[in-house]
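Participant: Sharing a model that was predicted from the sequence below.
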Amino acid sequence: MKATETIPSESFYIAVGILASKGGYTMKDDEALQRAQRGVTRLGLTWEQIVSPVRRREYVDGRKMVSYFLRDQGWTYKAIGQVMRRDHATAVHHVRSLFWLLETEKDMRRRYTEFLSA
């Protein structure tokens, strides 16, 4: 992203993730995990629901957001999988699928922005 490019205000928190992926701002591991847990709470879920084996849509969407956020903070897929009690391939799938959902679905962008605002 060039310094002259403007970022729409609704995409501020997504831009923080882009900045992190380009080597800019990154949080410490424990800080990132705490922020992800606050984001989960902001979505009306608990951390136990996120790491549970239940496949309800809202739980899976929450897992995708956590995976995407932690990956933007520089976590490895293996570390994300371990924290969420899943395989690294699941973390890869969550990150890739949320990327496309954020590109195409306004509601998902709104929910991810809400997740990040915690």
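Facilitator: That came in fine, so what should we check first? Numbering: from 1, shown residues only.

Participant: Could you find the closest non-adjacent residue to the residue most central in space within the chain?
Facilitator: Computing the C-alpha centroid of the chain and ranking residues by Cα atoms, centre = their mean puts F69 first, at 2.8 Å. Nearest in space to F69, with sequence neighbours left out and distances taken as Cβ to Cβ, 6 or more residues apart in numbering, is A36 at 5.4 Å. (C-beta placed from N, C-alpha, C; glycine too.)

Participant: If you count contacts, what does the helix or strand harbouring that neighbour end up packed against?
Facilitator: In this assignment (DSSP states H and E), A36 forms part of helix 29-42. Taking 3 or more Cβ pairs under 8 Å, 6 or more residues apart in numbering; DSSP states H and E as contact, the helices and strands that helix 29-42 lies on are helix 47-51, helix 57-72, helix 106-116.

Participant: Name the residues of it that are buried.
Facilitator: Counting neighbours by 16 or more other Cβ atoms under 10 Å, one finds that the buried residues in helix 29-42 are A32, L33, R35, A36, G39, V40.

Participant: residues in contact with the third one?
Facilitator: In other words, R35. Listed by Cβ atoms under 8 Å, 6 or more residues apart in numbering, the contact set of R35 reads M27, F69, A118.
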